[in-house]
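S.K.: sharing a model prediction with you, sequence too.
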Amino acid sequence: MCQSILPLRFVNLLLCALLIFCITGSWAGASSESSPGQKADSLTFAPIYFEPDMMHCYEGEIVKIKQLASTLENHPEIKVDLIGHTDERGSNEYNLQIAMRRASFIKDQLVGLGIAAERLRVISAGESQPADPEHTQAAYLKNTRVEIIIAEF
C-alpha cells in the first residue's frame, strides 16, 4: 500500500485555501478595508469558512474576523447578523446546532476584539441556504460558513 507524502489534513487545508481564493479573489478571502468616511450601505463582507464538522474557522479566516472588527470600529452605527450555515450532511437538528455554534464563535471573537455584543445577532440557517447546491466536497466546503449581513434590529 502506498503511503501519502502529505498528511490528509494539510491537503484539505490547501484545497480549502485554493477554494477561498477562487471564491473571493484574494488569498486571505477578506473583504476590502473600510474607512470611517465610507458609507455603511456600500460595505460587503466575505463569508468566513469553517472546517467540516468543526466549530472553529480555518486559521486563515481569522484575518477576515479582524478586518470585520476594524470595519465595525470605523462604523459604530452598524449592526450585523452573523448567519451560520452548514452543508447537507448530518441531521437537521445537528446542522442547526453547529451553525449556531459557528456564528457564536464569530460573535465571541468580535466581542474579544472590542465590538459590543449588542451590535451582533447570531442566527442559524443550518443547511437550508446552501451557497452551492451540488453534492461534492467543493460544495460542502463553500456551505460551511458564516455570512455577515448588515442588519437593523
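M.R.: Structure received.

S.K.: for residue 124, see how far away the residue minimising distance to the centre of the chain is.
M.R.: Taking CA atoms, centre = their mean, the centroid of the chain lies closest to residue 48, which sits 1.7 Å from it. Separation of residue 48 from residue 124 (CB to CB, to the nearest Å) stands at 15 Å. Yep, even glycine has a C-beta here, placed from its N, CA and C like the rest.

S.K.: ok, now which ones touch the residue nearest to the centre of the chain?
M.R.: 57, 61, 64, 65, 106, 145, 146, 148 (CB atoms under 8 Å, 6 or more residues apart in numbering).

S.K.: which of the helices or strands spans the third one?
M.R.: The reference is to residue 64. Secondary structure assignment for residue 64, by DSSP states H and E: helix 62-74.

S.K.: what comes up buried for that helix?
M.R.: Residues 64, 65, 67, 68, 69, 71, 72, 74 are the ones in helix 62-74 that count as buried (16 or more other CB atoms under 10 Å).

S.K.: looking at the residues you listed, which is nearest residue 84?
M.R.: Proximity of those to residue 84 (CB to CB) peaks at residue 65, which lies at 14.0 Å.

S.K.: so that closest one makes contact with residue 109?
M.R.: Yes. With contact defined as CB atoms under 8 Å, residue 65 and residue 109 form a contacting pair (4.9 Å).

S.K.: how about the helices in the chain?
M.R.: 8-24, 62-74, 92-112, 137-143 (DSSP state H).

S.K.: redo those helices as CSV? Include mean pLDDT and distance to residue 86.
M.R.: Shown next, in CSV, are the helices of the chain (pLDDT from 0 to 100; distance: least, CB to CB, whole Å):
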stretch, mean pLDDT, distance to residue 86
helix 8-24, 50, 15
helix 62-74, 96, 19
helix 92-112, 97, 4
helix 137-143, 93, 6
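
S.K.: in JSON lines, list these along with distance to residue 82.
M.R.: Compiled in JSON lines, the helices of the chain are given as follows (distance: least, CB to CB, whole Å):
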{"stretch": "helix 8-24", "distance to residue 82": "18"}
{"stretch": "helix 62-74", "distance to residue 82": "10"}
{"stretch": "helix 92-112", "distance to residue 82": "4"}
{"stretch": "helix 137-143", "distance to residue 82": "16"}
